[in-house]
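pasting the structure only:
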């Protein structure tokens, strides 16, 4: 089965539509979303609707939980808090009903799926090999996919050796058929690895081959939606730099 895996849409409708279109063109049979459908962007309801319609797996990220009132924004940065408070104030009842029952972890096709990490499904950013080691130690699955960090990458561990890994770019491929792996597709709506295009990956669940993809999208349109919502201008500006 060929699966599209993505995370951190962050209410960026233009980026989400581009990813869904490219995934459809690639012939995927399922779509797995690791959470943060809302937050930062200007189109939360439209993105929740698309996620509910198209995703076979849908997890809750910290921004989703904040928007529904299930997570305090005390530990959010200022921009994150402002966007979470705005999202909570405009989110429709239908969107709340979609987000409210979601959890931050799941398993599908023997793959562990987490918004944050296997150790802390909501909050942990896995951005070093040392953290990946700890997460693989606690994971129930041989292969795990996480979001949250907004950086596409992969960490592998074989034959009892420490985990090693690196960020991943468009077209990169790994064979995860052996060993233990912790993989991140990157961010659809708020990439922070220097590439402004929307990030996602394709997984063949039989061979465990991962392929990273980037989808070009209407960045000015997404920026306009952020500004029209009255959110901080820096949230719009950063989209063009992938930071």
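It's in. Note that the coordinates shown come from a computational prediction; the quantities given were computed from them, not determined experimentally.

Tell me which stretches of the protein form strands.
Using DSSP state E, the strands of the chain run over residues 2-6, 30-33, 57-58, 105-108, 111-114, 143-146, 153-157, 164-167, 173-175, 180-184, 198-204, 209-215.

Quick check: which of those strands is nearest to residue 14?
Between residue 14 and the strands of the chain, the shortest gap by C-beta to C-beta is with strand 198-204, which sits at 8.6 Å. Every C-beta, even on glycine, is put in place using the N, C-alpha and C of the backbone.

And the closest one, what's buried?
Residues 198, 199, 200, 201, 202, 203 are the ones in strand 198-204 that count as buried (16 or more other C-beta atoms under 10 Å).

Equivalent analysis for stretch 215-234, please.
Applying 16+ other C-beta under 10 Å to stretch 215-234 flags 215, 217, 219, 222, 223, 225, 226, 229, 231, 232 as buried.

Any chance of CSV for these, columns distance to residue 168?
Output for the buried residues of stretch 215-234, formatted as CSV (distance: C-beta to C-beta, whole Å):
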residue, distance to residue 168
215, 15
217, 19
219, 21
222, 23
223, 26
225, 28
226, 27
229, 31
231, 29
232, 29
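
Mind checking which of these land in helices?
Members of these lying in helices (criterion: DSSP state H): 219, 222, 223, 225, 226.

show me what contacts the second one?
For residue 222, the contacting residues are 12, 13, 14, 15, 41, 42, 189, 236, 239, taking C-beta atoms under 8 Å, 6 or more residues apart in numbering as the criterion.

Ok, residue 117 next?
Here residue 117 is in contact with 124, 125, 126, 131, 135, 146, 148, 182 (C-beta under 8 Å, 6+ apart).

To what extent is the fifth one buried, counted in neighbours?
Taking other C-beta atoms under 10 Å as the criterion, the count of residues near residue 135 is 24.

Hmm, it is touching residue 141, no?
No - counting by C-beta atoms under 8 Å, residue 135 sits too far from residue 141 to count as a contact (10.9 Å).

Overlap of the contact sets of those two?
Contact with both residue 135 and residue 141 is made by residues residue 118, according to C-beta under 8 Å, 6+ apart.
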